[in-house]
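Undergrad: generate a structure from the sequence data that follows.
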Amino acid sequence: KDLKIPSFVLQHAYYITGKYIENFLPIVFPPLQKGIIHLLWGNLMKKYLCKFNVVDKKDMLVSGNPRYDKYFKIKHECKNTGTILITSSFLQNYFKVSSYDTNLAMLHKKIFREICEITNKIPQKKPIIKLHPAVKPAYNVQSIVDEIDSNIPIYKTRSIIDLMKNCDVVVAMDHSTILL
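TA: You can find the predicted model right below:
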């Protein structure tokens, strides 16, 4: 800022909103960021930041997000093929949290198993699993799926956009940009 070098902050993910999070806005957007341009995904985030006056209006620019804008464009391309897409980061984000423990992994595993069992029993629907491409799951997903139905496909590198275009329902087990 003092060197007059233009600086930009690109919104990385959806910002969590709510009464509890509002307490942390001064930490997320410290006063030192005055004069830094915040590139935001949409007007909703701009209105939220204006409401709490944590970023000057002149320092905000709604730019969209080249990586995620394509998600909003596919809603009219969906084919509804009877597929239920089950997604999860399989605890990738929880390894960084001090409250992560074995009980959380066991609970997540139990919920994943139940979702697979229930969706596999729905007539004329077929579940498919999409793993996060950059993450090793905290438990053996393949063995759970094989116990239920070894014909349930598990994808890691297939395009999430293509999978979403060909499904009726998305079940996201944790927070993810897929929920946008």
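Undergrad: how about the lengthiest helix in the chain: buried residues?
TA: As assigned by DSSP state H, the longest helix anywhere in the chain is helix 102-120. Within helix 102-120, the residues scored as buried using 16 or more other Cβ atoms under 10 Å are 105, 108-109, 112-113, 115-116, 119-120. Heads up, the C-betas are built off the backbone N, CA and C, glycines and all.
Undergrad: one more: stretch 164-177?
TA: Buried, per 16+ other Cβ under 10 Å, within stretch 164-177: 164, 166-168, 170-171, 174, 176.
Undergrad: those in strands, which ones?
TA: When these are checked against strands (DSSP state E), the matches are 170-171.
Undergrad: out of the buried residues of stretch 164-177, give me the two with the largest separation.
TA: Using Cβ to Cβ, these span at most 22.4 Å, a distance reached by 166 and 174.
Undergrad: the strands in the chain, which residues?
TA: According to DSSP E, the strands that the chain contains are 8-10, 37-40, 60-62, 83-88, 126-131, 154-155, 169-172.
Undergrad: let me have these in CSV, extended by mean pLDDT.
TA: Formatted as CSV, those follow (pLDDT from 0 to 100):
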stretch, mean pLDDT
strand 8-10, 80
strand 37-40, 87
strand 60-62, 89
strand 83-88, 91
strand 126-131, 94
strand 154-155, 94
strand 169-172, 88
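Undergrad: which of these sits closest to residue 49?
TA: strand 60-62 (6.4 Å).
Undergrad: list the buried residues of that closest one.
TA: Neighbour count says strand 60-62 has residue 60 buried, by 16+ other Cβ under 10 Å.
Undergrad: before we move on, back to that, from the buried residues of helix 102-120, which is closest to residue 88?
TA: Nearest to residue 88 among these, with distances taken as Cβ to Cβ, is residue 112, at 6.8 Å.
Undergrad: among the helices and strands of the chain, which has the poorest mean pLDDT?
TA: The helix or strand of the chain with the lowest confidence, counting by mean pLDDT, DSSP states H and E, is helix 69-73 at a mean of 67.
Undergrad: thinking again about what came up before, present the buried residues of helix 102-120 as CSV; the columns should include distance to residue 151 and pLDDT.
TA: Formatted as CSV, the buried residues of helix 102-120 follow (distance: Cβ to Cβ, whole Å; pLDDT from 0 to 100):
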residue, distance to residue 151, pLDDT
105, 26, 77
108, 23, 84
109, 21, 89
112, 17, 92
113, 16, 95
115, 17, 95
116, 12, 95
119, 13, 96
120, 9, 96
